[in-house]
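*Asks:* what shape does this take:
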Amino acid sequence: MGDGAALLRSNTLYQTVGLTSTELGLQLQAERTQSSVAISSRILTSGIADQRARTDRAAEKFRAAAESTDSGSPELRTALNGVLSQIGRLATIRAGIDSGRDVRLEALTNYNRVLDSVFLLYDQLVAVPDLGIYRQAAAMQSMGNAREMIARENALISGALIDYRLTPREREAFGEYVATRRYLHARGLSALDTELGRPYRETFESTAFERFTSLERAIAGSQGDRLPVEAQRWKQTTNGVANWLDQLGVSSSNTLSQRARSIATGVIVRIVVAGGMGLVAVIASIVLSVRFGRRLAGELATLRSAALDLADVRLPSVVERLRRGEEVDVPAEVPPIKVGDSVEVGDVAHAFDSVRRTAVEAAVGQANLRHGVGQVFLNLARRKQNLLQRQLTLLDGMQRRATDPDSLDDLFRLDHLTTRMRRHAEGLIILSGAAPGRAWRNPVAAVDIVRAAIAEVEDYT
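*Replies:* Numbering: from 1, shown residues only. Down below sits the predicted model:
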């Protein structure tokens, strides 16, 4: 998506700022050449007025494009502001030419500064998300800058051909143009690949380009204010080389554009593939999440039902049965929970099974412990009851044989204590969960029940 956004941004800049700045640069070059001729001939023709009008229209289109474009980077905005600032100087540059205040080289230098800002803007427009394309575009930009140097040479010499004179400063400036042109051609040619560089190498090795470079050397190396005789062939030679370089630049740009379109197609394919795969992945993840969520929800519901059944039904039932003294089968009371194939929920269910089994086994163990303790108490109570019953029988016989009132009174008190001890033994038997064992077989009057109960209290008298 980042590469696609960069391509869209580059295409937007090309359709707005790029096209309008290119048209502005062409009109400025044409106006510069005509201005050079006008300064030399001291004649302002209608042609230069028409050219200035074309330049103004191109400047207005560029200004509108620059104001309506979201520049994005600070560097690009700085370059746009630089071009707009230089365009604002056109009125002053033209006034200096019309009034005769500026000499030829000064006027051409003013135009050169405006065009320098345009070429600085070109450097900021070369931004594509592919390093190979970027390098080739930068090399083509060097070739374009070299073509601007040829245009500056042509503008200067076109004015000088009016009177065949070239001042020392103008010759020095011409030499700088030539040196810069050679450097830019060499740098651009070294960076171009085989396909794009072959036409330029053939051009630089051609006879026409050799005649052009010979004229450059002749003019730059001439002495005095006069142009060399060879300069009369300047326009014919330079126009042919310039036209051929322009055609070569257009064809090379088309080749580079086709490569960029291929890369753009690749970026679009990657976006489509990534978006399609991402959409499939999202749909698959949603489907899997829904299915897994439903299955997990079902298993958790089963586990919840088992937990509630244990807490509300099984454990209370087991405790109640144990309280009644019934036998409890632990495996039957705690069957394993079946919750499905989920490993995590299965582990929780197994742990919960262990908790259930431990709880039931603990309840059964406590019941068995209480039953065992009760049996011990019951055994001891019955043995004690048996001894007390034998003691009461013995006391009953002693009471029958006693004749001394005091001894008989003591025997009655001992009999009463033994009776109370028998009642306590029967209480232990009842607490152990068994029947006391001593009961009437036939109906008994209520008064006898009350009398028997009174006989077993401490203050029975």
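
*Asks:* the strands in the stretch 251-400 of the chain, which residues?
*Replies:* With DSSP state E, counting those that start in this stretch as the criterion, the stretch 251-400 of the chain has no strands.

*Asks:* so, low pLDDT: which residues of the chain?
*Replies:* Within the chain, the stretches with pLDDT under 70 are 1-11, 71-72, 126-129, 325, 330, 333-334, 337-341, 437-438.

*Asks:* ok, longest helix in it?
*Replies:* helix 234-309 (DSSP state H).

*Asks:* how about residue 443, secondary structure?
*Replies:* Put simply, residue 443 is coil when judged by DSSP: H, G, I helix; E, B strand; the rest coil.

*Asks:* quick one: it from residue 453, how far?
*Replies:* Note on residue 443: its distance to residue 453, by Cβ to Cβ, to the nearest Å, is 17 Å. The C-beta positions use only the backbone N, C-alpha and C, and glycine is treated the same way.

*Asks:* quick one: which of these two has more around it?
*Replies:* Set side by side, residue 443 and residue 453 show more neighbours around residue 453, with 11 against 5, by other Cβ atoms under 10 Å.

*Asks:* tell me if the more buried one really is in a strand.
*Replies:* No - under three-state DSSP, residue 453 falls outside any strand and is assigned helix.

*Asks:* show me what contacts the residue in the chain sticking out farthest from the centre?
*Replies:* Residue farthest from the centre of the chain, counting by Cα atoms, centre = their mean, is residue 403 at 114.3 Å. By Cβ atoms under 8 Å, 6 or more residues apart in numbering, residue 403 lies in contact with nothing.

*Asks:* ditto for residue 175
*Replies:* So residue 175 contacts residue 220 (Cβ under 8 Å, 6+ apart).

*Asks:* ok, it to residue 80 distance?
*Replies:* From residue 175 to residue 80 the distance is 33 Å (Cβ to Cβ).

*Asks:* please apply the same query to residue 67.
*Replies:* Distance from residue 67 to residue 80, by Cβ to Cβ: 9 Å.

*Asks:* looking at these two, which has the bigger crowd around it?
*Replies:* Neighbours were tallied for residue 67 and for residue 80 using other Cβ under 10 Å; the higher tally belongs to residue 80 (22 against 9).

*Asks:* list the contacts of the more buried one.
*Replies:* 17, 66, 69, 71, 121.

*Asks:* kindly export stretch 102-110 (C-alpha atoms) in PDB.
*Replies:* Only the C-alpha atoms of stretch 102-110 are listed here, as PDB (Å, rounded to 0.1, in the frame of the first residue of the first chain):
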ATOM      1  CA  ASP A 102      20.600  45.100 -18.400                       C
ATOM      2  CA  VAL A 103      23.300  43.900 -20.700                       C
ATOM      3  CA  ARG A 104      23.000  40.600 -22.500                       C
ATOM      4  CA  LEU A 105      24.800  38.300 -20.100                       C
ATOM      5  CA  GLU A 106      23.000  39.900 -17.100                       C
ATOM      6  CA  ALA A 107      19.600  39.300 -18.700                       C
ATOM      7  CA  LEU A 108      20.400  35.800 -19.600                       C
ATOM      8  CA  THR A 109      21.700  35.100 -16.100                       C
ATOM      9  CA  ASN A 110      18.400  36.300 -14.700                       C
END
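
*Asks:* what residues sit buried inside it?
*Replies:* 102, 104-105, 107-108, 110 (16 or more other Cβ atoms under 10 Å).

*Asks:* likewise stretch 430-440?
*Replies:* So, applying 16+ other Cβ under 10 Å, buried residues of stretch 430-440: 432, 436.

*Asks:* residues in contact with that stretch?
*Replies:* 325, 374-375, 377-378, 381-382, 385, 426, 429.

*Asks:* mind putting the buried residues of stretch 102-110 into a markdown table with secondary structure?
*Replies:* A markdown table is the format used below for the buried residues of stretch 102-110 (three-state DSSP):
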| residue | secondary structure |
| --- | --- |
| 102 | coil |
| 104 | helix |
| 105 | helix |
| 107 | helix |
| 108 | helix |
| 110 | helix |
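
*Asks:* hang on, isn't residue 203 packed against residue 245?
*Replies:* Yes - at 7.1 Å, residue 203 and residue 245 qualify as touching, with contact defined as Cβ atoms under 8 Å.

*Asks:* neighbour count: these two, which is higher?
*Replies:* Higher neighbour count among residue 203 and residue 245: residue 245, with 20 against 16, using other Cβ under 10 Å.

*Asks:* who are the contact partners of the nearest residue to the more buried one once chain neighbours are set aside?
*Replies:* Of all residues not flanking residue 245 in the chain, residue 147 sits nearest, at 5.5 Å (Cβ to Cβ, 6 or more residues apart in numbering). Residues near residue 147 by Cβ under 8 Å, 6+ apart: 242, 245-246, 249.

*Asks:* just the buried members of the residues you listed?
*Replies:* Among these, those buried by neighbour count (16+ other Cβ under 10 Å) are 242, 245, 249.

*Asks:* between the residues you listed, which is nearest residue 359?
*Replies:* residue 249 (90.8 Å; Cβ to Cβ).

*Asks:* relative to residue 161, how far out is the closest one?
*Replies:* 26 Å.

*Asks:* which ones among the contacts of residue 80 lie within helices?
*Replies:* Per DSSP H, the contacts of residue 80 map to helices at 66, 121.

*Asks:* if we can go back for a sec, buried members of the contacts of stretch 430-440 into ChimeraX, please.
*Replies:* Buried members of these, defined by 16+ other Cβ under 10 Å, are picked up in ChimeraX with:
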select :374,377,378,381,382,385,426,429
